[in-house]
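Novice: Task: produce atomic coordinates for the following.
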Amino acid sequence: MKIVIFSSRFPFPLEKGDKLRLYHQLRLLSQHVKLYLVVITDEKLSPSHIEKVHPFLTDLLILKIKRPSQIFNAIAGAMRGLPFQVGWYYNRKIQKSIDQWVHSIQPDMIYCQLFRVALYCKNFSGKSVIDYMDAFGQGMKLRGKIAGFLLHWLYRWESRRIKIFEMQSYEWFQRHILISERDICLIGKPPEASFSIIPNGVDHHFFKPIESEKKYHIGFVGNLGYLPNVEAAKYIIEKIVPLLGDNMKVCISGARPGKQLTLLANEQIHIKGWMEDIRDAYASLKVFVAPVFYGTGLQNKILEAMAMGIPCVTTSAVNESVKGTHEKNILIADTPELFTAAIERLLKDENLYDHIRRNGLTFVASNFLWSNHVNELLKLFIIELDQLNGNDSNQN
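Specialist: Next comes the predicted model:
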């Protein structure tokens, strides 16, 4: 089977959720099928990063978009009713190059990651699958609630455009993928749309308990250029830490921290940027705290912390996708007072700490294996291809 995959980001380094998801899908799918990856990007790619992914691919096409072209296309697309994120990545010249490349490959399947590049796949005549990952339209609306006045308007405007585009794009693909049941409820799918749930996993060979000095009582790890994560970090610093007291050591780690976070750093609160080995950030924490209220999808940071044996305290919204059990393998809190109480219990009660830690390890190992989830994706491809060829797979 030959599969052409469309992406708006190169799947390395693994500092963002969509990159992480695609990287592991490529790694495991390549053991069974031929993969052809096309990346439409404005990023400068490192040869060493390309080398990390190249062994998984039969062929790779990288198409760079220059910033002036992106701005022009985003504005032109918006005038036609497209979301900014679609216009930002769409270019008619690139479309012609892609069409020629795909025609030369004659793939059995098109696999599109995220709605941003779905327009490139619109006219493909064969079988096609799209991975929306999250309910992006709803996620954009939630971000509008925590943005400043101008960004609030922009996020809500973009949210409406994305939701319309998501509905329009359903008919271009035979199968649609989301990361959790919660996202299916949020995306507002039409009744006839066929959705499958393919969660994320954890690389258990990489994320596992390691012996390390616990320098910090609590902390948070995540992409600090992502607004819901910024708000989570600020929530810890401004609402939880004052209730815990001056003796509490805190570490916030992740790529691209902005000034609004770095200015909050002091002797008690450490703000760290990109780390070559993110496990060092997790391993330095006694308790992982994730007060994320406005995100969608499945929070990889929770799974990774659990896999490293770090007890987690998070919101009920996050746990809707994780599906942990309160007081068994995770603690749930939705107010500063409840977060504070949960943290203090874990730090003072060794039995509870060990109970949550051990059960968290078992829970993640049982439910979040990349190999299991990618096998489900492969089965989905086979079913769709069988239907195209007129075979009865007798599978749903």
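Novice: Okay, now the unreliable bits of the stretch 251-396 of the chain?
Specialist: In the predicted model, the stretch 251-396 of the chain carries pLDDT under 70 at residues 388-396.
Novice: how about the strands of it, start to end?
Specialist: 269-272, 285-290, 312-314, 331-332 (DSSP state E, counting those that start in this stretch).
Novice: Pull up the pairing partners for the longest one, direction included.
Specialist: Applying DSSP bridges, strand 285-290 is found paired with strand 216-221 (parallel), strand 312-314 (parallel).
Novice: How far away from the center of its chain is it?
Specialist: Mean C-alpha position of strand 285-290 versus that of the full chain (C-alpha atoms, centre = their mean, to the nearest Å) differs by 20 Å.
Novice: CA atoms only for it, dumped as PDB, please.
Specialist: Below are the C-alpha coordinates for strand 285-290, written out as PDB (Å, rounded to 0.1, in the frame of the first residue of the first chain):
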ATOM      1  CA  LEU A 285       9.100  17.500  39.800                       C
ATOM      2  CA  LYS A 286       7.400  15.800  42.800                       C
ATOM      3  CA  VAL A 287       3.900  16.700  41.500                       C
ATOM      4  CA  PHE A 288       2.800  17.600  38.000                       C
ATOM      5  CA  VAL A 289       0.100  20.300  37.900                       C
ATOM      6  CA  ALA A 290      -2.000  21.000  34.800                       C
END
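Novice: And for that strand, what's in contact with it?
Specialist: Contacting residues not belonging to strand 285-290 are listed as 214, 216-222, 232, 236, 240, 251, 282, 299, 301-302, 305, 310-315, 318, 339, 343, 346-347 [C-beta atoms under 8 Å, 6 or more residues apart in numbering]. No exception for glycine: its C-beta is placed from N, CA and C like everyone else's.
Novice: ok, residue 367 - contacts?
Specialist: Applying C-beta under 8 Å, 6+ apart, the residues contacting residue 367 are residue 323.
Novice: ok, now how distant is it from residue 22?
Specialist: Counting by C-beta to C-beta, to the nearest Å, the gap between residue 367 and residue 22 amounts to 21 Å.
Novice: Give me the neighbour count for residue 100.
Specialist: Neighbourhood size, residue 100 [other C-beta atoms under 10 Å]: 10.
Novice: Kindly apply the preceding question to residue 46 instead.
Specialist: By the criterion of other C-beta under 10 Å, residue 46 has 12 neighbours.
Novice: Once you drop chain neighbours, what's closest to residue 375?
Specialist: Distances taken as C-beta to C-beta, 6 or more residues apart in numbering put residue 28 closest to residue 375, at 7.8 Å, once the chain neighbours are dropped.
Novice: how close does the one you found get to residue 6?
Specialist: 19 Å.
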